[in-house]
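Student: missing the sequence, but the structure's below:
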């Protein structure tokens, strides 16, 4: 199966943002939420919100909105986030550190158990209460406690060899932040994260905006 | 105009990845590229690549492929990246540092000219050759050299007040990495970057994968 056989990419990418909002509402004791409220929060059209939410299989109720707890449950089910997802992070540089500091992961059941680096300056350091280990110890760490997902935050030139090691150790899901197209055997799933994708979105919005303004004057 | 009035979100997000590959081919002296080559690199279907590329307006040539230089020019034009885009980065923490170290930005003409932070420990430090300035000096820096885009990499609770300052100083395009929905006046465009969006994609792929495997056994 090619990796693009997933429909609704923008909807899936929006799910954590809905979840973020809903978890906050839940913490504030709110019981119901309307699609209008969500559309305003997301800054998207109401119809898009309704389509997104219908993907989860929840039945919408006109006028009364959605039950916050129920919608959280449906979104988590849609994403397969009911059970905690364990992860290993490879590369404890600035991006890896930023991911370790991302507060929402724990609410999504995404738990980075291991952090590895090859740099002697980083090995043994603590980041957000977790110790950076030597990448050479990856095999023994995984033997006791294999992660579901590996997050690659190493330099572009090191990424393929790290991926090869991960695959050899049985990792099947890789979240790749290096700007390279990883070669992996079939059956291994790679999600490549391209930070500049968001910049492209902003740039296109800017271009549309400017052409509208140019038409006006 | 609501911000979702942009079609082809996944295609736009893929553009920098095409560009990354094409710029590498250009540096290697390659003159032509086929859609098949690009599909393999992107790990997506050929038809998706053809659709993506047709958005740029370039005319495809069967058998001979695309001229690498021409395709680069068309993609840059599509994104409005022919002219350099100047930016200010607010927040010199780990995520801000990671963005400053992102090599590809310069190839996209994205130039982070200013870096601001409010923390005395960070002000005056050099990151990748650029000095972190006091956020209190933002107004005078912008007066001499206003940026097109501001990149917000501060904590969630500080993000709205930073956005308010930016808007007051005339910034119209904000790339927001804080996990909050910023309130801005109409005419200001915000691109919210949700890192967990990629995790959601990987999670859905994992879920599909597991349900296929469960059907098999």
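Tutor: Done, it's in. Quantities reported herein were computed from a predicted structural model and do not represent experimental measurements.

Student: burial measure for residue A:101, as a count.
Tutor: Residue A:101 has 14 neighbours, counted by other CB atoms under 10 Å in any protein chain shown. C-beta coordinates here come from the backbone N, C-alpha and C atoms, glycine included.

Student: quick one: contacts for it?
Tutor: Remark: with contacts taken as CB atoms under 8 Å, 6 or more residues apart in numbering or on different chains, residue A:101 is in contact with A:128, B:93-94.

Student: where does residue A:154 fall, phi/psi-wise?
Tutor: Note on residue A:154: backbone dihedrals following degrees, to the nearest 10 are phi -90, psi 180.

Student: how near is it to residue B:120?
Tutor: Using CB to CB, to the nearest Å, we find residue A:154 at a distance of 32 Å from residue B:120.

Student: more crowded one of the two?
Tutor: Using other CB under 10 Å as the criterion, residue A:154 and residue B:120 rank with residue A:154 on top: 25 against 8.

Student: residue contacts, the nearest residue to that one once chain neighbours are set aside?
Tutor: Leaving aside its chain neighbours, residue A:154 sits nearest to residue A:91 (3.9 Å; criterion: CB to CB, 6 or more residues apart in numbering or on different chains). Neighbouring residues of residue A:91 by CB under 8 Å, 6+ apart: A:116-117, A:152-155, A:158, A:162, A:177.

Student: Identify all contacting residues around the longest strand anywhere in chain A.
Tutor: Secondary structure of chain A per DSSP state E: the longest strand is strand A:110-117. Contacts with strand A:110-117, where a contact means CB under 8 Å, 6+ apart, come from A:81, A:84-93, A:96, A:99-100, A:105, A:123, A:127, A:130-135, A:137-138, A:141-142, A:145, A:147, A:149, A:151, B:196, B:199.

Student: just the strands in chain A please.
Tutor: In chain A, the segments counted as strands under DSSP E are A:32-33, A:66-67, A:85-90, A:110-117, A:126-127, A:130-134, A:149-152, A:173-176, A:189-192.

Student: most packed of those strands?
Tutor: For those, average neighbour numbers computed from mean count of other CB atoms under 10 Å in any protein chain shown are highest in strand A:149-152, which has a mean of 26.

Student: Looking at that one now, give me its mean pLDDT.
Tutor: The pLDDT scores in strand A:149-152 average 98.

Student: For that strand, name the packing helices and strands.
Tutor: Packed against strand A:149-152, as judged by 3 or more CB pairs under 8 Å, 6 or more residues apart in numbering or on different chains; DSSP states H and E, are the following elements: strand A:85-90, helix A:156-168, strand A:173-176.

Student: returning to that earlier point: could the strands of chain A go into JSON lines alongside distance to residue B:191?
Tutor: Listed next are the strands of chain A as JSON lines, based on distance: least, CB to CB, whole Å:
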{"stretch": "strand A:32-33", "distance to residue B:191": "24"}
{"stretch": "strand A:66-67", "distance to residue B:191": "27"}
{"stretch": "strand A:85-90", "distance to residue B:191": "26"}
{"stretch": "strand A:110-117", "distance to residue B:191": "23"}
{"stretch": "strand A:126-127", "distance to residue B:191": "28"}
{"stretch": "strand A:130-134", "distance to residue B:191": "31"}
{"stretch": "strand A:149-152", "distance to residue B:191": "23"}
{"stretch": "strand A:173-176", "distance to residue B:191": "21"}
{"stretch": "strand A:189-192", "distance to residue B:191": "19"}
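
Student: if I pick residue A:169, what's in contact with it?
Tutor: Taking CB under 8 Å, 6+ apart as the criterion, residue A:169 is in contact with A:138-139, A:142, A:146.

Student: which one of the contacts of residue A:101 has the most neighbours?
Tutor: Neighbour counts for the contacts of residue A:101 peak at residue B:94, which has 19 neighbours (criterion: other CB under 10 Å).

Student: picking that back up, mean pLDDT and distance to residue A:191 added to the helices and strands packed on strand A:149-152, as CSV?
Tutor: Supplementary listing: the helices and strands packed on strand A:149-152 in CSV, determined by pLDDT from 0 to 100; distance: least, CB to CB, whole Å:
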stretch, mean pLDDT, distance to residue A:191
strand A:85-90, 96, 12
helix A:156-168, 97, 12
strand A:173-176, 98, 5
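
Student: Ok, which of these comes nearest residue B:64?
Tutor: Taking CB to CB as the measure, the helices and strands packed on strand A:149-152 were each checked against residue B:64, and helix A:156-168 came out nearest at 30.3 Å.

Student: what does the closest one contact?
Tutor: Here helix A:156-168 has contacts from A:88, A:90-91, A:118, A:135, A:138, A:150, A:152, A:154, A:174, A:176, A:178-180, A:182-185, A:188, A:190, B:103, using CB under 8 Å, 6+ apart.

Student: redo that, cut-off 6 Å
Tutor: A:90, A:150, A:152, A:154, A:178-180, A:182, A:184, A:188 (CB atoms under 6 Å, 6 or more residues apart in numbering or on different chains).

Student: Now do the buried residues in the lowest-mean-pLDDT helix or strand in chain A.
Tutor: With mean pLDDT, DSSP states H and E as the measure, the helix or strand of chain A carrying the lowest mean pLDDT is helix A:196-216 (a mean of 85). For helix A:196-216, burial by neighbour count (16 or more other CB atoms under 10 Å in any protein chain shown) applies to A:196-206, A:209.

Student: Tabulate those residues (CSV), appending distance to residue B:64.
Tutor: Formatted as CSV, the buried residues of helix A:196-216 follow (distance: CB to CB, whole Å):
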residue, distance to residue B:64
A:196, 29
A:197, 29
A:198, 34
A:199, 31
A:200, 27
A:201, 32
A:202, 34
A:203, 29
A:204, 29
A:205, 34
A:206, 34
A:209, 36
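
Student: Cross-check the residues you listed against chain B and keep the overlap.
Tutor: If you filter the buried residues of helix A:196-216 for contact with chain B, counting by CB under 6 Å from any CB of the partner chain, you are left with A:196-198, A:200-206.

Student: What parts of chain A come near chain B?
Tutor: A:2-4, A:9-10, A:12-13, A:15-17, A:41, A:43-45, A:48, A:79-80, A:94-95, A:97-98, A:173, A:175, A:181, A:189, A:191, A:193-194, A:196-198, A:200-207.

Student: Quick check: the gap between residue A:107 and residue A:26.
Tutor: According to CB to CB, residue A:107 and residue A:26 sit 10 Å apart.

Student: next one: residue A:164
Tutor: In this structure, residue A:164 and residue A:26 are separated by 42 Å, where distance is defined by CB to CB.

Student: now do residue A:103
Tutor: Distance of residue A:103 to residue A:26, given as CB to CB: 15 Å.
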